[in-house]
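S.K.: model the structure of this input:
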Amino acid sequence: MTGSDLRASVLTLVRGRADRLRHLMHGLSRQSVPPRELVIAWMQPERAPDLPDPGCPVRHCHVPGEPMPLAAARNRAAEAASSDLLVFLDVDCIPSPGLVAAYTEAARTERGLFLGEVLYLPPGVTHPADLDRLGRVHPARPPLPTAGLRREPDAGQLWGLSFALPAEAWRAVGGMDEGYVGYGGEETDLAARLAETGLPTFWVAGARAYHQHHPVHVPPLQHFSAILANAARFHARHGRWCMTYWLGQFRAAGLIAWDETAPAIRLLRHPELPEIAAALRPDALFS
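M.R.: All right, here's what the predicted structure looks like:
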């Protein structure tokens with residue numbers, strides 16, 4: 001995509017977490033280059049009240065379904081967007097003032113899947129003056145370029161917190177596969193299908209976002225059944241496993257028999273409610 005008139009639509013998904021959404025919207029109001037619009041896909045019957053002005057028009061769509069229809073919600077948001085560049089931003093993320101500008105400039109420079117940096121915030125930190133000082137890089141993420149773009153050979157580096165791509169590339173692969181139900185796998189599947197079309201992946205300098213803290217489960221036992229089902233769906237399509245870190249944790253807990261060469265996951269037992277409760281880490285920054 002080229003041209004000075006290139007604009008971005010920012011897309012986010014919401015169920016609960018209205019306070020997080022408000023911080024995201026305040027962050028959009030501080031953008032050096034405002035987006036054309038914010039598209040909110042509500043995975044709940046009603047919109048949250050008293051939303052702030054994000055400095056751009058807001059579109060709303062409602063996406064019913066249980067468990068959380070993450071793939072479907074992203075697809076409905078993308079269908080509602082009117083821009084050539086789609087910027088997906090998790091509701092937990094506060095965009096830095098340069099995020100939209102950095103993604104937009106990247107799309108003017110290259111055609112690709114664009115990944116931005118995400119810093120993780122301690123509990124209670126949302127003030128703009130504290131974000132860079134207190135945000136922490138996820139230990140599994142590579143360092144980002146100090147300027148411009150850097151090619152990333154592994155499209156699987158895509159995490160759904162913050163990424164951007166041309167709307168036509170999204171449509172070319174049919175968006176996200178709504179056969180992934182509940183938590184896990186749909187983003188890695190999207191990245192793999194985009195890579196199969198020849199779309200390159202890039203890290204983008206300056207497209208920083210800040211992940212607002214919430215308690216996490218280590219491992220995510222509350223999503224155990226969905227992760228197993230979605231991992232199996234990914235393996236059937238691509239001939240390899242995704243979410244291997246979590247599968248390894250499930251194996252270590254004695255819940256499954258599995259390794260990366262296995263053709264299938266063998267269920268040994270489901271996690272019990274006390275195990276799920278014990279996995280909750282209220283102060284952990286990373287899952």
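
S.K.: what is the burial count for the closest residue to Arg208 other than its chain neighbours?
M.R.: Nearest residue to Arg208 in three dimensions, chain neighbours excluded: Ser96, at 4.1 Å (C-beta to C-beta, 6 or more residues apart in numbering). Using the backbone N, CA and C atoms, a C-beta is placed for each residue, glycine as well. Neighbours of Ser96 under the rule other C-beta atoms under 10 Å: 25.

S.K.: which pLDDT does the model give Ser96?
M.R.: We have a pLDDT of 98 for Ser96.

S.K.: what do you get for Pro139?
M.R.: Pro139 is given a pLDDT of 91.

S.K.: for the residue nearest to it when sequence neighbours are not counted, what are its contacts?
M.R.: Once flanking residues are discounted, Pro139 sits nearest to Phe286: 6.8 Å by C-beta to C-beta, 6+ apart. Counting by C-beta atoms under 8 Å, 6 or more residues apart in numbering, Phe286 makes contact with Tyr120, His138, Pro139, Ala140, Val216.

S.K.: wasn't Phe286 part of a strand?
M.R.: No. Secondary structure of Phe286 (DSSP: H, G, I helix; E, B strand; the rest coil): coil, not part of a strand.

S.K.: what separation do you get for Trp258 and Arg240?
M.R.: Distance, Trp258 to Arg240, using C-beta to C-beta, to the nearest Å: 13 Å.

S.K.: quick one: which of the two has more around it?
M.R.: Ranked by neighbour count (other C-beta under 10 Å), Trp258 and Arg240 place Trp258 first, with 20 against 11.

S.K.: helix or strand for Thr12, which one?
M.R.: Using DSSP states H and E, Thr12 falls within strand 8-14.

S.K.: burial count for the closest residue to Ala195 other than its chain neighbours?
M.R.: Among residues not flanking Ala195 along the chain, Ala155 sits closest, at 4.0 Å (C-beta to C-beta, 6+ apart). Neighbour count for Ala155, taken as other C-beta under 10 Å: 20.

S.K.: elements contacting the strand holding Thr12?
M.R.: Helices and strands in packing contact with strand 8-14 are listed as helix 18-29, strand 37-42, helix 70-80, strand 85-89, helix 99-109; criterion 3 or more C-beta pairs under 8 Å, 6 or more residues apart in numbering; DSSP states H and E.

S.K.: closest one to Arg251 among those?
M.R.: Closest of the helices and strands packed on strand 8-14 to Arg251 is helix 70-80, at 24.8 Å (criterion: C-beta to C-beta).

S.K.: and the contacts of that closest one?
M.R.: So helix 70-80 is in contact with 11-13, 39-41, 43, 59, 61, 63, 65, 86, 88, 160, 167, 170-171, 175-180, 182-183, 186, going by C-beta under 8 Å, 6+ apart.

S.K.: try it again at 6 Å.
M.R.: With C-beta atoms under 6 Å, 6 or more residues apart in numbering as the contact definition, helix 70-80 has outside contacts at 11, 13, 39, 41, 43, 59, 61, 63, 86, 170, 175-176, 178, 180, 186.

S.K.: and if you look at stretch 9-19?
M.R.: With contact meaning C-beta under 6 Å, 6+ apart, stretch 9-19 is reached by 21, 35-44, 48, 68, 73, 77, 81, 83, 86-89, 91.
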